[in-house]
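In: Sequence and predicted structure below; questions after.
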Amino acid sequence: MEIKTYIDANRARFIDEWASLIRIPSVSCQAEHKADMTRCAERWKELLMAAGCQKAEILPAAGNPFVYAEYKSSIINHQSSIPTVLVYAHYDVMPVEPLELWKSDPWEPSIRDGRLYARGADDDKGQAMIQAKAFEYMVQTGQLNCNVKFIFEGEEEIGSPSLEAFLEDHKELLKADIILVSDTSMIGKDTPSITTGLRGLAYWQIEVDGPNRDLHSGHFGGAVKNPINALCEMLSQVVDKHGKITIPGFYDDVLPIPQAEREMIAQIPFSQEKYNTSIGVDDVFGEEGYSTLERNSCRPSFDICGIWGGYTGEGSKTVLPSKAFAKVSCRLVANQDHEKISQAFADYIRTLAPKGVRVTVTPMHGGQGYVCPIDIPAYKAAEKGFEIAFGKRPLAARRGGSIPIIAAFEQILGCKAILMGFGLEQNAIHSPNESMDLEVWEKGIIAVTEFYKELGK
């Protein structure tokens, strides 16, 4: 039976099973939903067994439990060893507030205009179901020439605090040749893409201390170093007029963008004028020698995320403040170590401090970047899957955001991750009226099916 025929014959059941997950309010950041986390994990265990897994279990962790399931192929491949695919997804979701902005009940799926609306419709219950149903088809039709393992977590939306320890404790159980993730997005419905890179992150809080109390700016202004002035002077030196970050050694480990990838990025539909208009600016700024799409995905960046101190209330208060604060971050690229950068920044910013103030730098959090080569067999299999499902070759596209768990998978389990994501910007994940395009959802099932066929050859 062809995959399209199988989807047609089972569409109602697929959506019912998808809905059964959505109806469980598995909000990981709210203590009142603690029992729902376990309920959702149990439901996934049932669905993965029904899809064809030979084993499924709930594994405890420091936080919410993990769902583990596996399938060992009985097909004998005389040409080579059978590959093992580890499928990762998460079953927790974001809160639904503000409720008044939803057009339908966020916990009761509503289908309209070719979309399914609900919390988790895309992120990540909808995308995880794409994986489950492609797997089901391959098992039920006897075509799966791969071993498959599933690991679903319940803490992705709160930063996956239990994941790294869990991976360390279960290295042998989770051993695989490739990790398959559907928790990312495509450039557009008519522009399929595979996410090949994610930026890492380093984040700090800076405190600048001056006099032992707030001072009268008339009595002391011009005679004492103002901590806010000092902080602004220091931060203004971190990026030069050419858009280069001035931290010593910052670029030592930055790898150049391969020419083949730059050519793919150039094919992404993009209008600089529309981009500027959409965010209300008359021009952009960044590292010289790179396009906007390269700057916001393949190159590192530095940003002041918040700055405060002194008097900010109504009216005026002529005060020279005793303290100033800022929160700053760097988006990093693959091969940059966030801990190394964190220390380098802290050391550097202290050298920029003028006399008369004291500087404290507190690292907040960080994570590694990730990049996937586009010439490995698993990537080629994913590329073939997208091409068959969407009718055109997908573009390789790095993303500017950070998903530290992807780098953790590579570091701990020693294998690459293929990010076969099917989300769209208009799906409004994390927002009211989250949705999933049903046509894209079904094409996603086809794409993953073809991935397995190609990888198993």
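Out: Happy to help now that I have it.

In: who are the neighbours in contact with residue 206?
Out: The contact partners of residue 206, taken as C-beta atoms under 8 Å, 6 or more residues apart in numbering, are 231, 325, 326, 327, 328, 349, 359, 360, 361, 362. The way it works is simple: take the backbone N, C-alpha and C, and place the C-beta from them, glycine included.

In: and the nearest residue to residue 58 once chain neighbours are set aside, what are its phi and psi?
Out: Here the nearest residue to residue 58 in space, its sequence neighbours aside, is residue 65; by C-beta to C-beta, 6 or more residues apart in numbering that works out to 4.9 Å. Note on residue 65: backbone dihedrals following degrees, to the nearest 10 are phi -70, psi 160.

In: how much space between residue 65 and residue 394?
Out: Note on residue 65: its distance to residue 394, by C-beta to C-beta, to the nearest Å, is 34 Å.

In: The nearest residue to residue 199 once chain neighbours are set aside: which element?
Out: Nearest residue to residue 199, sequence neighbours excluded (C-beta to C-beta, 6+ apart): residue 331, at 4.3 Å. Secondary structure assignment for residue 331, by DSSP states H and E: strand 323-332.

In: Return that strand as PDB; C-alpha atoms alone will do.
Out: Extracted in PDB, the C-alpha atoms of strand 323-332 (Å, rounded to 0.1, in the frame of the first residue of the first chain):
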ATOM      1  CA  LYS A 323      25.300  51.100  40.700                       C
ATOM      2  CA  ALA A 324      24.500  50.200  37.100                       C
ATOM      3  CA  PHE A 325      23.500  46.900  35.600                       C
ATOM      4  CA  ALA A 326      23.200  45.200  32.200                       C
ATOM      5  CA  LYS A 327      22.300  41.800  30.800                       C
ATOM      6  CA  VAL A 328      24.200  40.900  27.700                       C
ATOM      7  CA  SER A 329      24.400  37.900  25.400                       C
ATOM      8  CA  CYS A 330      26.400  36.400  22.500                       C
ATOM      9  CA  ARG A 331      24.900  34.100  20.000                       C
ATOM     10  CA  LEU A 332      27.700  31.700  19.100                       C
END
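
In: Provide the strand pairings for it, with the direction of each partner.
Out: If you go by DSSP bridges, strand 323-332 pairs up with strand 200-209 (antiparallel), strand 301-309 (antiparallel).

In: Buried deepest among those strands, which one?
Out: strand 200-209 (a mean of 21; mean count of other C-beta atoms under 10 Å).

In: Run through the helices of the stretch 201-350 of the chain in chain order.
Out: 217-220, 227-235, 259-267, 272-279, 292-295, 338-351 (DSSP state H, counting those that start in this stretch).

In: right, and residue 121 touches residue 434 too?
Out: Yes - look at residue 121 against residue 434 with C-beta atoms under 8 Å: they come within range, at 5.2 Å.

In: Next, show the common contact partners of those two.
Out: With C-beta under 8 Å, 6+ apart as the test, residue 121 and residue 434 both reach residue 427.

In: Please say which of those two ends up with more neighbours.
Out: It is residue 121, of residue 121 and residue 434, that has more neighbours when counted by other C-beta atoms under 10 Å, with 32 against 24.

In: Which residue comes closest to the more buried one once chain neighbours are left out?
Out: residue 436 (4.3 Å).

In: right, and the helix or strand after the helix or strand hosting that neighbour?
Out: Using DSSP H and E, residue 436 sits in strand 435-437. Counting by DSSP H and E, the next helix or strand C-terminal to strand 435-437 is helix 438-455.

In: From the chain's centroid, how far away is that next one?
Out: Distance, stretch centre to chain centre, for helix 438-455: 21 Å (C-alpha atoms, centre = their mean, to the nearest Å).

In: For it, buried residues please.
Out: 438, 440-455 (16 or more other C-beta atoms under 10 Å).

In: In the chain, where's the longest helix?
Out: helix 3-22 (DSSP state H).

In: name the helices or strands packed onto that one?
Out: helix 34-51, helix 125-140, helix 438-455 (3 or more C-beta pairs under 8 Å, 6 or more residues apart in numbering; DSSP states H and E).

In: next helix or strand past the second one?
Out: It refers to helix 125-140. Next element after helix 125-140 (DSSP H and E): strand 147-153.

In: Can you give the contact residues for that next one?
Out: By C-beta under 8 Å, 6+ apart, strand 147-153 touches 41, 44, 48, 53, 56, 61, 64, 66-73, 82-92, 128, 131, 135, 160, 162-163, 166, 173-174, 176.

In: swap in stretch 270-289?
Out: So stretch 270-289 is contacted by 242, 243, 244, 292, 293, 295, 296, 299, 301 (C-beta under 8 Å, 6+ apart).

In: ditto for stretch 397-407
Out: Contacts for stretch 397-407 (C-beta under 8 Å, 6+ apart): 156, 159-160, 163, 181, 183-185, 187, 193-201, 261, 264-265, 268, 296-298, 331, 366-371, 417, 419.

In: Can you mark which positions in it are buried?
Out: For stretch 397-407, by 16+ other C-beta under 10 Å, it's 397, 398, 399, 400, 402, 403, 404, 405, 406, 407.
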